[in-house]
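Chemist: Predicted model and sequence follow; I will ask about them next.
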Amino acid sequence: MPDPRTEREHGFERPEPRRRLKNEAIARLGQVDRRILYLAIAVAVVGILFRPLGLRIPVTDEVRRVYDAIEELPARTPILISFDFGAPSMPELYPMTVAVVRHCFRRDLRVLGLGLLPEGASIGAEVLDSVADEMGRVYGVDYVHLGYKPQIEAAILGMGEDIVRVFPRDFRSQPTAEYPVMDGIENYRDIPLMVGFASGTEMVLWIQYAGARYGQRIVSGAAAVMATVFYPYLDSGQIEGLIPGLRGASEYEQLIGMTGRASRGMDAQSVAHLLIIGCIILGNVGYLASRSRRGEG
Amino acid sequence: MAKRGVPLALCFVMGVLMAVQFFVPHPLSRYVYENVLDWMQIVSVFALAVGVIGLGRIHWRRVVVRRAGWRYSIATLAGLAVMGILGVVGGIEQGTPYAWLFRYVQAPMQSTMMSLLAFFVVSAAYRGFRVRTREAGILLAAAMVVMLGRVPIGEAIHRAIPIASNWVLNVPNTAAMRGITIGIGLGAISTSLRIIFGVERSYLGVE
């Protein structure tokens, strides 16, 4: 049995039983079963899809710069769009590709698509064909899908010399040079703007090789987790605009006046972020309580 | 001697040649450059073939010796064969069986795997993101501001949150990323020189 006088002399006292119980209850906040957390995120995300909040999303400068770069191109100008992401990133990147391709077709630009990842080429084909069908654009006249080429660096550098040499046949295995959409296009010099969508660092290769070596103007769309990598390039002007993650896609949809998947997904993302922050706070309250309890014990 | 000498000499010649070529706008230089780029892609295609053969062999052996999880290897081999055959025989453009399988089987499966991250992020944030030190506190505050600032509810809570979030991304983040990028660039130059001059030989299997 510890002597209370000794404890007082050492500067601490045992807590009252009620206070100790309260501390224990708070400390338990840091020990919530993970299945409850899983259930909470599932209910929150699914629930909000049925009852959207419809919150306003202000358009950021970096997204507006992508829009302006496309908007200022005269009709029938060629634009290069690279789909460098795979199926895991589709929920985040697919909506922005649809919005940008739609904008390009609306501006009557000649779209040259490609993918430097095998899956990206398939996704690009789907985006280009579906938006073209919707907007009445013709393959080979208004757009072409160059397809996939391995060895990203060699493909990007090779296109700076001769695009048809790198892609002699398109995604449909037809001779690329025979399409009217390719008239007057040899290399980057003939393409005023390139848009790259990437889930990883593929965009950095476009910046380093097409941008730095051939002076290609570039705007980019990136997965939110990778967007932080691209802010220095945005700041230095090596990319002229950036669409970061689902939020960026949602802003772009606003700019072109459409309500797509990105705008619908933002409410779910809002709730998920709030829940994660709530969990962090809860975990820390529990952690601090258990630490003070250990100190008391 | 020749076993290592020839690759080292090739590496030195090609390294120096491509570095010099960058500064020489002569048609011969451009011709060499374009051919080297073509060869890089040809070699890559062979590397892809080697990868597919290696993957097939590893999983085939697992199935034959019934190693743990061999049934998953059957799924891998079946997927490889089906997508490969359908792509080669029927083509890969829209409307083909390959495109259908990609759109309605592969893409949803991979997206689902990625979506599971949401659950793990919640659990990991709850258990792992503890303010044990002052630095962890600063990191946590920055993360919370950015997380709120990147979604519309941040603006709904307070107008300053997206402004603060953009500041974190544009100023401290850009400064740190730029430092890392410059460091990577210097490291790449140094490693390239070491490889060209034969100091770094680990790519030959030599320590």
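Modeler: Good, I have the coordinates.
Chemist: neighbours around A:Ala289, how many?
Modeler: A:Ala289 has 19 neighbours, counted by other Cβ atoms under 10 Å in any protein chain shown. To be clear about C-beta, it is placed using only N, CA and C from the backbone, and glycine gets the same treatment.
Chemist: quick one: it and A:Leu21 touch, right?
Modeler: No - A:Ala289 lies out of contact with A:Leu21 (Cβ atoms under 8 Å); the separation is 11.7 Å.
Chemist: ok, now how distant is B:Phe23 from B:Ser190?
Modeler: 20 Å (Cβ to Cβ, to the nearest Å).
Chemist: More neighbours: those two, which one.
Modeler: Between B:Phe23 and B:Ser190, counted using other Cβ under 10 Å, the more crowded position is B:Ser190 (11 against 7).
Chemist: What pLDDT does the model give A:Ser270?
Modeler: With respect to pLDDT, A:Ser270 scores 89.
Chemist: Repeat that for B:Met109.
Modeler: Confidence score, pLDDT, at B:Met109: 91.
Chemist: any idea what sits nearest it, other than its immediate chain neighbours?
Modeler: A:Ala87 (7.8 Å; Cβ to Cβ, 6 or more residues apart in numbering or on different chains).
Chemist: can you count the residues close to that neighbour?
Modeler: Neighbour tally, A:Ala87, other Cβ under 10 Å: 23.
Chemist: wait, it sits on B:Val105?
Modeler: No - using Cβ under 8 Å, A:Ala87 is not in contact with B:Val105, being 10.0 Å away.
Chemist: Okay, domains of chain A per the record?
Modeler: Chain A breaks down by automatic domain parsing into domains covering A:4-52+A:269-296, A:61-266.
Chemist: among these, which is the most enclosed?
Modeler: Among the domains of chain A, domain A:61-266 has the highest mean neighbour count (mean count of other Cβ atoms under 10 Å in any protein chain shown), at a mean of 20.
Chemist: quick one on the thing from earlier: OK, contacts around the residue nearest to B:Met109?
Modeler: The contact partners of A:Ala87, by Cβ atoms under 8 Å, 6 or more residues apart in numbering or on different chains, come to A:119, A:123, B:102, B:106-107, B:109-111.
Chemist: ok, which residues in the stretch 101-250 of chain A are in contact with chain B?
Modeler: A:119, A:121-123, A:125-126, A:129, A:149-151, A:153-155, A:157-158, A:161-162, A:165-166, A:171-173, A:224, A:227-229, A:231-232, A:235, A:244-245, A:247 (Cβ under 8 Å from any Cβ of the partner chain).
Chemist: In helices, which of these fall?
Modeler: A:119, A:121-123, A:125-126, A:129, A:153-155, A:157-158, A:161, A:165-166, A:224, A:227-229, A:231-232, A:235, A:245, A:247 (DSSP state H).
Chemist: Now render the contacts of A:Ala87 as CSV, adding distance to A:Ile280.
Modeler: CSV is the format used below for the contacts of A:Ala87 (distance: Cβ to Cβ, whole Å):
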residue, distance to A:Ile280
A:Glu119, 34
A:Ile123, 34
B:Phe102, 38
B:Gln106, 34
B:Ala107, 32
B:Met109, 30
B:Gln110, 28
B:Ser111, 26
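Chemist: can you redo these as TSV with distance to A:Met258 and secondary structure?
Modeler: As requested, the contacts of A:Ala87 are arranged in TSV below (distance: Cβ to Cβ, whole Å; DSSP: H, G, I helix; E, B strand; the rest coil):
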residue	distance to A:Met258	secondary structure
A:Glu119	25	helix
A:Ile123	19	helix
B:Phe102	25	helix
B:Gln106	27	helix
B:Ala107	22	helix
B:Met109	28	helix
B:Gln110	26	helix
B:Ser111	22	helix
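Chemist: Return the set of buried residues in the top helix by length along chain B.
Modeler: The residue-count maximum for a helix in chain B (DSSP H) belongs to helix B:27-64. The neighbour-count check on helix B:27-64 (16 or more other Cβ atoms under 10 Å in any protein chain shown) flags B:33-34, B:36-37, B:40-41, B:44, B:59, B:62 as buried.
Chemist: Quick check: which of the residues you listed are also close to chain A?
Modeler: Within the buried residues of helix B:27-64, those near chain A by Cβ under 8 Å from any Cβ are B:33-34, B:37, B:40-41, B:44.
Chemist: Would you format these as a markdown table with pLDDT included?
Modeler: Listed next are these as a markdown table, based on pLDDT from 0 to 100:
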| residue | pLDDT |
| --- | --- |
| B:Tyr33 | 89 |
| B:Glu34 | 87 |
| B:Leu37 | 88 |
| B:Met40 | 89 |
| B:Gln41 | 87 |
| B:Ser44 | 89 |
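Chemist: Pick out whichever of these sits closest to A:Ile185.
Modeler: B:Glu34 (17.2 Å; Cβ to Cβ).
Chemist: and the host helix or strand of B:Ile184 with helix A:224-235, angle?
Modeler: Per DSSP states H and E, B:Ile184 falls inside helix B:174-196. Going by axes from the mean of the first three to the mean of the last three Cα atoms, to 10 degrees, helix B:174-196 is angled at 90 degrees with respect to helix A:224-235.
Chemist: which residues are contacting helix B:174-196?
Modeler: For helix B:174-196, using Cβ under 8 Å, 6+ apart, the contacting residues are A:228-229, A:231-232, A:235, B:11-12, B:15-16, B:19, B:199-200, B:203.
Chemist: go on, stretch A:196-214?
Modeler: A:81-86, A:88-89, A:92-93, A:96-97, A:100, A:116-117, A:120, A:152-153, A:156-157, A:159-160, A:187-189, A:194, A:216-223, A:226, A:229-230, A:233, A:238-239.
Chemist: try stretch A:266-282
Modeler: Contacts for stretch A:266-282 (Cβ under 8 Å, 6+ apart): A:29-30, A:32, A:37, A:40-41, A:44-45, A:47-49, A:52-55, A:57, A:246-247, A:250, B:118, B:121-122, B:125-126, B:129, B:140, B:144, B:147-148, B:150-154.
Chemist: any idea whether A:Arg28 is helix, strand or coil?
Modeler: Secondary structure state of A:Arg28, per DSSP: H, G, I helix; E, B strand; the rest coil, is helix.
Chemist: I figured B:Phe197 hits B:Ala9, correct?
Modeler: No - judged on Cβ under 8 Å, B:Phe197 makes no contact with B:Ala9 at a distance of 11.6 Å.
Chemist: Check the burial of B:Ala99 by counting its neighbours.
Modeler: 20.
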